[in-house]
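Enquirer: return a 3D structure for these sequence lines:
(one chain, ligands or ions: 2)
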Amino acid sequence: MNILLLGSGGRESALAWKMSQSPLLDKLYIAPGNGGTQQYGENVKMSPLDFSAIAEFVKNHDIDMIVVGNEDPLVAGIYDYFIDNDVLVVGPSKAGAALEGSKDFAKRFMADNDIPTARYKSFTSDNIDEGYAFLESLKPPYVLKADGLAAGKGVLIINDLDEAKKSLAEMLGGMFGASSATVVIEEFLDGIECSVFVLTDGNGGYRILPVAKDYKRIGEGDTGPNTGGMGAVSPVPFANQDFMGKVHERIIKPTIDGLLKAGITYRGFIFLGLINVGGNPMVIEYNVRMGDPETEAVMLRIDSDLVELMKAAAEGNLGDLALREKDEAAATVMMVSGGYPGSYPKGKVISGIEKVTDSIVFHAGTTIDAEGRLVTSGGRVLSVSSYGPDIFAALEKSYQAIRNIQFEGKYSRTDIGRDLKS
Ligand code: AMP
Ligand code: GLY
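Expert: Ligands and ions are numbered 1, 2, ... in the order given. Sure, this is the predicted structure:
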């Protein structure tokens with residue numbers, strides 16, 4: 001089959017890498033892709049949000065399936081746009097994408113389905129005084145979340161009550177534009193996080209992917225500002241059989257049942273951002289796509305044919321298809337531009353990737369410049385993934401590979417996975 005993959009990050013590189021191994025794949029197109037995705041298919045200059053251009057492309061290139069990497073097209077309704085076309089779309093309908101597109105909707109969904117999550121209330125500028133009172137009723141730190149999409153920046157965690165009140169007023173006043181016209185305030189949960197991914201067919205069938213943990217902050221020891229993700233490992237030692245059993249019973253089943261009950265079409269990936277609070281999993285957030293950089297570790301650990309699984313999910317029937325995991329562990333470490341997540345230079349020449357033989361280098365913020373050189377074009381530049389008998393051995397390989405790759409200002413965290421050492 002011919003597949004069109006939408007997106008341009010490390011996640012899409014890893015999805016493309018995995019899909020390119022499928023005997024079911026004839027031709028893979030990636031729109032817009034990056035400086036490395038043409039290893040797996042053909043890059044197409046097209047925005048994932050330009051649905052009419054995508055429709056034209058689907059028609060002209062006999063596309064059988066669209067795989068959506070990032071959330072924006074899903075929240076904008078790409079599934080519904082193509083509902084009457086003869087093309088499969090891996091992803092939720094617009095109604096389902098609201099699990100990520102609106103934190104208020106996600107919290108109500110969890111409340112309706114008895115899914116464990118932090119206690120919360122939502123506020124707009126009409127009831128800001130109630131928001132102040134709710135903050136006063138909570139213990140610090142205070143968690144304030146913009147309702148809508150804010151490119152991963154819409155969550156503030158604040159220790160001081162007065163500062164939290166001030167931030168509430170600023171958020172409702174447009175700090176994140178329309179995305180923060182509604183603000184969710186919730187109780188702070190203390191624990192260690194992990195990411196669980198589920199592929200569902202919208203008819204009650206689902207498969208759980210290998211579990212992962214990502215590292216969000218820029219600095220060693222998980223300090224400093226949040227980034228798009230600095231590394232990830234899979235599996236996660238604390239996500240053992242007991243913990244995953246609870247995730248399954250208390251979170252995954254009620255989520256799948258809740259979607260069916262609400263009549264929401266959902267044929268794609270559900271990303272559960274979980275936190276382990278004293279051995280009990282609670283939901284921090286839903287996303288409606290795979291995680292980045294988790295995908296750059298998770299794809300290495302899937303033994304089954306991902307194209308076959310996604311096709312079956314998009315057709316609405318996973319049937320008895322198995323999703324087999326490899327025994328080997330995997331890890332990925334991000335190489336980022338100096339200055340990221342603040343401002344950073346672009347166009348720095350990248351060298352040494354050819355010296356890496358024992359790791360897989362997924363491109364993220366890279367492009368080919370006018371002179372044909374591979375150069376940096378984003379904050380997160382390369383995601384260096386490796387296999388190993390355990391996550392620590394896999395990480396060691398990625399760190400070895402990173403020493404061979406050069407670009408001016410390159411930076412990586414050196415402590416990915418260290419918190420999981422027993
Ligand atoms: P989100 O965009 O909802 O994933 O939030 C971003 C990050 O903020 C999460 O990955 C957590 O590290 C943190 N966070 C969000 N909500 C809470 C909460 N209720 N308690 C503690 N940390 C939280
Ligand atoms: N790694 C977190 C995310 O993709 O949102």
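Enquirer: which secondary structure element contains the residue lying closest to residue 218 once chain neighbours are set aside?
Expert: Ranked by CB to CB, 6 or more residues apart in numbering and with sequence neighbours excluded, the top spatial neighbour of residue 218 is residue 224, at 4.3 Å. Any C-beta I mention is one placed from the backbone N, CA and C, and that applies to glycine too. Per DSSP states H and E, residue 224 falls inside strand 223-226.
Enquirer: given that strand, what are its sheet partners and their directions?
Expert: strand 217-219 (antiparallel) (DSSP bridges).
Enquirer: is the partner strand anywhere near ligand 1?
Expert: No: for a cut-off given as CB under 6 Å from any ligand atom, strand 217-219 has no contacts with ligand 1; the smallest distance is 9.0 Å.
Enquirer: distance check, residue 74 against residue 392.
Expert: 35 Å (CB to CB, to the nearest Å).
Enquirer: higher neighbour count, the two?
Expert: The neighbour count for residue 74 versus residue 392, taken as other CB atoms under 10 Å, is higher for residue 74 (31 against 16).
Enquirer: near ligand 2, which residues of the protein show up?
Expert: 214, 229, 287, 291-292, 294.
Enquirer: show me the contacts for the residue most central in space within the chain.
Expert: Relative to the mean C-alpha position of the chain, the nearest C-alpha, by CA atoms, centre = their mean, is the one of residue 291, at 1.9 Å. By CB atoms under 8 Å, 6 or more residues apart in numbering, residue 291 lies in contact with 11, 195, 197, 212, 214, 229, 232, 271, 298.
Enquirer: now those in JSON lines, with pLDDT and neighbour count?
Expert: Below are these laid out as JSON lines (pLDDT from 0 to 100; neighbours: other CB atoms under 10 Å):
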{"residue": "11", "pLDDT": "98", "neighbour count": "26"}
{"residue": "195", "pLDDT": "98", "neighbour count": "26"}
{"residue": "197", "pLDDT": "98", "neighbour count": "22"}
{"residue": "212", "pLDDT": "98", "neighbour count": "29"}
{"residue": "214", "pLDDT": "97", "neighbour count": "26"}
{"residue": "229", "pLDDT": "94", "neighbour count": "27"}
{"residue": "232", "pLDDT": "98", "neighbour count": "30"}
{"residue": "271", "pLDDT": "98", "neighbour count": "23"}
{"residue": "298", "pLDDT": "98", "neighbour count": "28"}
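Enquirer: beyond the host helix or strand of residue 13, next helix or strand please.
Expert: For residue 13, the host element (DSSP H and E) is helix 10-19. Per DSSP H and E, the first helix or strand lying C-terminal to helix 10-19 is strand 27-32.
Enquirer: what about residue 334, neighbour count?
Expert: Residues near residue 334, counting by other CB under 10 Å: 32.
Enquirer: strands along the stretch 151-300 of the chain, start to end?
Expert: With DSSP state E, counting those that start in this stretch as the criterion, the stretch 151-300 of the chain has strands at 155-158, 183-186, 192-200, 206-208, 213-214, 217-219, 223-226, 231-234, 266-267, 269-277, 280-287.
Enquirer: in its sheet, what does the helix or strand hosting residue 3 sit against?
Expert: Per DSSP H and E: residue 3 is located in strand 2-7. Looking at strand 2-7 with DSSP bridges, its partner strands are strand 27-32 (parallel), strand 65-68 (parallel).
Enquirer: other residues contacting whichever helix in the chain runs longest?
Expert: When the chain is parsed with DSSP state H, its longest helix is helix 391-404. For helix 391-404, the external contacting residues (CB under 8 Å, 6+ apart) are 233-235, 237, 328-333, 335, 352-353, 355-356, 358-359, 361, 384-388, 410, 412, 414, 416-417, 420-421.
Enquirer: again with stretch 151-168
Expert: With CB under 8 Å, 6+ apart, stretch 151-168 has contacts from 123, 128, 131-132, 135-136, 140-146, 148, 171, 175-176, 179-180, 183, 185, 188, 226, 228.
Enquirer: show the buried residues in the residues you listed.
Expert: Neighbour-count burial (16 or more other CB atoms under 10 Å) applied to the contacts of stretch 151-168 gives 123, 128, 131-132, 135, 142-146, 148, 171, 175-176, 179-180, 183, 185, 228.
Enquirer: tell me what the closest residue to ligand 1 within the stretch 251-400 of the chain is bridged to.
Expert: Ligand 1 sits closest to residue 285 of the stretch 251-400 of the chain, with a gap of 3.6 Å, by CB to the nearest ligand atom. For residue 285, the beta-bridge partners under DSSP bridges are residue 273.
Enquirer: where along this structure do the helices fall?
Expert: Ranges of helices in the chain, per DSSP H, are 10-19, 51-60, 71-75, 78-81, 94-101, 103-112, 128-137, 161-170, 241-246, 253-261, 295-298, 306-315, 391-404.
Enquirer: any idea which of these is most buried?
Expert: Per residue and on average, the most neighbours among the helices of the chain fall to helix 295-298, with a mean of 33 (mean count of other CB atoms under 10 Å).
Enquirer: measure the residue at the greatest distance from the centre of the chain to ligand 1 for me?
Expert: Distance to the chain centre peaks in the chain at residue 129, reaching 34.5 Å (criterion: CA atoms, centre = their mean). For residue 129, the distance to ligand 1 (CB to the nearest ligand atom, to the nearest Å) stands at 23 Å.
Enquirer: could you dump the strands paired with strand 2-7 to CSV with mean pLDDT and mean neighbour count?
Expert: Below are the strands paired with strand 2-7 laid out as CSV (pLDDT from 0 to 100; neighbours: other CB under 10 Å):
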stretch, mean pLDDT, mean neighbour count
strand 27-32, 98, 21
strand 65-68, 98, 26
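Enquirer: could I get those strands as CSV with distance to ligand 1?
Expert: Formatted as CSV, these follow (distance: least, CB to the nearest ligand atom, whole Å):
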stretch, distance to ligand 1
strand 27-32, 25
strand 65-68, 19
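Enquirer: what about the strand holding residue 3, average pLDDT?
Expert: Confidence over strand 2-7 (mean pLDDT, whole number) is 98.
Enquirer: now the angle from that strand to helix 306-315?
Expert: Counting by axes from the mean of the first three to the mean of the last three CA atoms, to 10 degrees, strand 2-7 lies at 90 degrees to helix 306-315.
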